[in-house]
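Novice: curious how this folds, go ahead:
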Amino acid sequence: MTERKMKETDNSVIEFIEMMENEKKKADAYQLLEIFEEATDYKGKMWGPSIIGFGSYHYKYASGREGDAPLVGFSPRKAKISLYLSCEREELLESFGKHTKGKACIYVNKLADIDTNVLKDLIKQSVETYQNLYPNE
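Specialist: Have a look, this model is predicted:
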């Protein structure tokens, strides 16, 4: 079995953000770090090489596969910012702003395109969802 790439590391979140070449993306990443930390009460931690995660939960599927994942997170990628939030979000996304969505994340070009108050609600809802689905044992 291969080792999972997405696991919590001791790498510095600040060093990761500082390595970004695009100054606007860097500024957005710092603002997102503040928003996520405020909304979750968790400090950001690096998960794998490029995801900043907040809190964690342990999952175990019926197939027997199990692991740990951040409750919520984001990754300031070159093309778009990926926001890792739970799937139960349709109503809030109506007033979120300009975005696209995938199965496990929401993509935005820049923070100026979205309502950060709605983002905070999405973060809080996601944390609550995962904590209810995967309570600490």
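Novice: which residues touch the residue at minimal distance from the centre of the chain?
Specialist: Residue closest to the average C-alpha location in the chain (C-alpha atoms, centre = their mean): Gly73, at 1.4 Å. Gly73 sits next to 36, 47, 51-54, 83-84 when contact means C-beta atoms under 8 Å, 6 or more residues apart in numbering. Every C-beta, even on glycine, is put in place using the N, C-alpha and C of the backbone.
Novice: looking at the residues you listed, spot the one nearest Val13.
Specialist: Ile52 (5.5 Å; C-beta to C-beta).
Novice: ok, what's across the strand from the closest one?
Specialist: When assigned by DSSP bridges, Ile52 has beta-bridge partners Met46, Phe74.
Novice: that one against Thr40, yeah?
Specialist: No - contact criterion C-beta atoms under 8 Å: Ile52 and Thr40 do not qualify, at 11.5 Å.
Novice: ok, Asp28 - contacts?
Specialist: Contacts for Asp28 (C-beta under 8 Å, 6+ apart) come out as 76, 81, 110-111.
Novice: pull the distance from the lowest-mean-pLDDT helix or strand in the chain to the chain's centre.
Specialist: The least trusted helix or strand in the chain, going by mean pLDDT, DSSP states H and E, turns out to be helix 90-93, with a mean of 81. Between the centre of helix 90-93 and the centre of its chain there are 17 Å (C-alpha atoms, centre = their mean, to the nearest Å).
Novice: show me where the protein has its helices.
Specialist: With helices called from DSSP state H, the chain shows them at 13-18, 23-40, 90-93, 116-133.
Novice: among the ones you listed, which is nearest Ala62?
Specialist: Ala62 sits nearest to helix 116-133 of all the helices of the chain, at 13.7 Å, using C-beta to C-beta.
Novice: for the closest one, list every residue counted as buried.
Specialist: The neighbour-count check on helix 116-133 (16 or more other C-beta atoms under 10 Å) flags 116, 118-119, 121-123, 125-127, 129-130 as buried.
Novice: with stretch 41-61 instead?
Specialist: Within stretch 41-61, the residues scored as buried using 16+ other C-beta under 10 Å are 42, 44-47, 51-57.
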